[in-house]
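# Provided below are the primary sequence and the corresponding predicted coordinates.
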Amino acid sequence: PTPGIGYGIAVAVFAGISCLIGLLTIFFVKGKAENFFVAGRSLPIWIVIPTLAAQSLDSNALLGNVDLSYKFHFWDGVVLPVGLGLSLILNGIFLARHFNNDNVLTLPDI
């Protein structure tokens, strides 16, 4: 079956809203790359933590870990999220301060 006209309208509205958000972003970053990449280094911790969690807890990781646990053993599925969590904590404790002090924006800047 072919999609109806409502589907096209929904896609057009979504594309328009996405473009509007992109255009409004220009006013918030004020032409600086640092404001775009790292939000001016001013994000509060209550925004940083859920952002990092959402970045690591995608559907691929969740379904992949369930599959590993089901096919092999519980600990095979647990290794990925525990390792990722530990790496985020250790990087935050030992490296984040140095990267912030050096005004690093991207990995090649390190």
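Alright, I've got the coordinates.

# Output the lowest mean pLDDT helix or strand found in the chain.
helix 33-38 (a mean of 75; mean pLDDT, DSSP states H and E).

# which residues are in contact with that helix?
With contact meaning CB atoms under 8 Å, 6 or more residues apart in numbering, helix 33-38 is reached by 25, 28-29, 40-41, 103, 105-106. No exception for glycine: its C-beta is placed from N, CA and C like everyone else's.

# what's the distance between Phe14 and Gly8?
Distance from Phe14 to Gly8, counting by CB to CB, to the nearest Å: 11 Å.

# Same question for Leu20.
19 Å.

# got a list of contacts for stretch 4-14?
Contacts for stretch 4-14 (CB under 8 Å, 6+ apart): none.

# just for this structure, where's the confidence low?
Scanning the chain with the threshold set as pLDDT under 70 gives 1, 60.

# Centre-most residue in it?
With distances taken as CA atoms, centre = their mean, the residue of the chain nearest its centroid is Gln55 (3.6 Å).
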